[in-house]
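>>> Take a look and give me a structure for this.
(one chain, ligands or ions: 3)
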Amino acid sequence: VYILAVETSCDETSVAIVRDGQEILSNVVSSQVATHERFGGVVPEVASRKHVETITCIIEEAIEQSGVSPAALSAVAVTQGPGLVGSLLVGMVAAKTLALALELPLIGVHHIAGHIYANQLVHELAYPFVALVVSGGHTELVYVESEGVFRIIGQTRDDAAGEAYDKVARALKLPYPGGPHIDRLAHETGEGVTLPRAWLEPDSYDFSFSGLKSAVLAALNTAAMKGQPLAPEAVAKGFQDSVIDVLVEKALRAVKAYGAKQLLLAGGVAANKGLRAALEARCAQAGVPLLAPPLSLCTDNAAMIAAAAFLKYRRGQFAPLELKAEPLLKLEAWSV
Ligand code: ATP
Ligand code: MG
Ligand code: FE
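Residues are numbered from 1 along each chain as shown. Ligands and ions are numbered 1, 2, ... in the order given. As a prediction, the model looks like this:
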C-alpha cells in the first residue's frame with residue numbers, strides 16, 4: 001500500500017510517500033521559517049500564500065524521490081485539522097485534485113494523530129500506550145487503548161509547551177522559533193534561576209505554562225531594574241527544568257495509572273534534548289519502554305500523516321471529496 005500524504009497545517013509544506021504506514025519512500029519538507037522569522041512568529045496570510053507557491057513543486061519532488069509511479073499509489077491523505085484554516089485549505093485542494101485526477105480514495109488525517117503515529121515509522125507500537133504530545137499548539141497526555149482509539153486524559157489550560165518556549169525565547173531576544181535555542185542555552189550552565197512548577201490539583205493530568213512564562217518575564221524585569229540582568233543561560237535552564245519536571249512527572253504517573261505498555265513522545269518539543277534525556281532516565285528507572293521519533297520526524301512532516309492515514313486505509317474509512325478543513329478538529333472525534 002502506497003499512501004501519498006500532504007501536510008500544510010502551519011508553516012511547513014510537506015509531501016511524503018509511505019509504504020504500509022511504516023516505510024518512508026520520500027518525505028519532502030519545505031519550511032517557511034526564514035519567511036516568518038522577521039515577524040517573530042507565523043503570519044497566517046503569508047503562510048497560505050507560501051503554501052500555494054510551493055505545493056506543486058513539493059508534490060512533484062516527493063513523487064520523483066520515491067520512485068513510485070502515480071499509477072501505483074493506493075490513496076491520498078491530507079491533514080484535515082487542526083491548524084491555520086488558510087494553510088489547511090491549500091493542502092486540502094491539492095490532495096483532492098490528486099485524488100480526483102488519479103481516481104484514488106481520500107483520507108483526512110488529524111494532525112496530532114500524525115505526530116503520535118510518527119513513532120510507527122521507526123518503532124513497533126504496543127497497546128495500550130500513553131502519548132505525551134508536546135508541540136507548538138498542543139500539550140496533551142493521550143491514552144491510546146488500541147490502534148487509532150484516542151482519549152485525552154490531560155491537556156494544557158493555557159499555553160502549549162512550544163508556545164511557552166517561543167515566548168520565553170522572544171523575551172531573551174533569541175531568534176524564532178526559540179525552542180531549539182533555549183534547549184542549547186540550557187545546556188551551557190549547571191545553575192538555573194529558581195522558577196515555579198505548575199502541578200495543579202494533585203490528581204490532575206492537565207498542564208499550565210502561562211504562569212511560568214509570567215514568572216520568567218517578572219524575574220527578567222526585576223533583575224534588569226536592579227541593574228543586575230540575569231544570564232540568558234540561567235533563565236533558559238531554570239525555565240526548561242520547570243517545564244521538564246512537570247511533563248515527566250505527569251507522563252510517568254499516567255503510564256502507571258493506565259497500565260500503559262509504552263510511553264510515546266510526540267510533537268516538535270519532543271526534539272528537546274533535555275526532555276528526552278529526563279524521560280529516558282525516568283523510564284529506564286521505571287522499566288517503561290520510551291519511544292520517540294528521530295528529530296526530523298518530531299516537527300511537522302507529511303510522512304507522519306501517511307502513517308496515521310494507514311490506520312483508516314486498512315479499515316476502508318475514506319473521506320468524500322467534500323471533506324472540509326477543520327481548524328479545530330478534535331482528536332477523539334477522529335478515532336477509527
Ligand atoms: P501543532 O502540532 O500543535 O499544530 P506546530 O505544528 O506548529 O503545532 P510543531 O512543528 O510540532 O508545532 O513544533 C514546533 C514547536 O516545537 C515550536 O514551538 C518550537 O519552538 C518547538 N521546538 C522545536 N525544537 C525544540 C527543542 N529542541 N526544544 C524545545 N522546543 C522545540
Ligand atoms: Mg512549524
Ligand atoms: Fe505539528
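>>> Would you state the helices of the stretch 51-200 of the chain in chain order?
Counting by DSSP state H, counting those that start in this stretch, one finds helices in the stretch 51-200 of the chain at the ranges 85-102, 111-117, 161-171, 179-186.
>>> Could I get the phi/psi values of L4?
Per-residue torsions, L4: phi -100, psi 130 (degrees, to the nearest 10).
>>> so it makes contact with A306?
Yes: with contacts counted by CB atoms under 8 Å, L4 reaches A306, the gap being 7.3 Å. Where you see a C-beta, it was placed from the backbone N, CA and C, and this is true even at glycine.
>>> more crowded one of those two?
Neighbour tally, L4 and A306, criterion other CB atoms under 10 Å: the higher count belongs to A306, 37 against 31.
>>> What lies in contact with the helix or strand where the more buried one lies?
Assessed by DSSP states H and E, A306 sits inside helix 303-314. Outside helix 303-314, the residues that touch it by CB atoms under 8 Å, 6 or more residues apart in numbering are 1, 3-7, 14, 16-18, 20-22, 24, 27, 74-75, 77-79, 105, 107, 109-111, 113-118, 120-121, 147-148, 293, 297, 318, 336.
>>> Now, of the residues you listed, which are buried?
Neighbour counting with 16 or more other CB atoms under 10 Å marks 3-7, 14, 16-18, 21-22, 24, 27, 75, 77-79, 105, 107, 109-111, 113-118, 120-121, 148, 293, 297, 318 as buried within the contacts of helix 303-314.
>>> Would you mind naming what in this structure lies close to ligand 3?
Along the chain, the residues adjacent to ligand 3 under the rule CB under 5 Å from the ion are S135, D300.
>>> Q228 versus the residue of the stretch 1-150 of the chain found nearest ligand 3, what's the distance?
Among all residues of the stretch 1-150 of the chain, S135 sits closest to ligand 3, at 4.6 Å; criterion: CB to the ion. Separation of S135 from Q228 (CB to CB, to the nearest Å): 35 Å.
>>> Looking at these two, which one has more neighbours?
S135 (24 against 8).
>>> That one contacts G162, doesn't it?
Yes: look at S135 against G162 with CB under 8 Å: they come within range, at 5.3 Å.
>>> sorry, back to before: report the set of residues contacting both of L4 and A306.
The contact sets of L4 and A306 overlap at A16, I17, A77 (CB under 8 Å, 6+ apart).
>>> Can you flag which of these belong to strands?
Taking DSSP state E as the definition of strands, the shared contacts of L4 and A306 contribute A16, I17, A77.
>>> Just put those residues in TSV and tack on pLDDT.
As requested, the ones in strands among the shared contacts of L4 and A306 are exported to TSV (pLDDT from 0 to 100):
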residue	pLDDT
A16	98
I17	98
A77	99
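>>> Just checking the distance from stretch 99-118 to the centre of its chain.
Centre-to-centre, stretch 99-118 and its host chain are 16 Å apart (CA atoms, centre = their mean, to the nearest Å).
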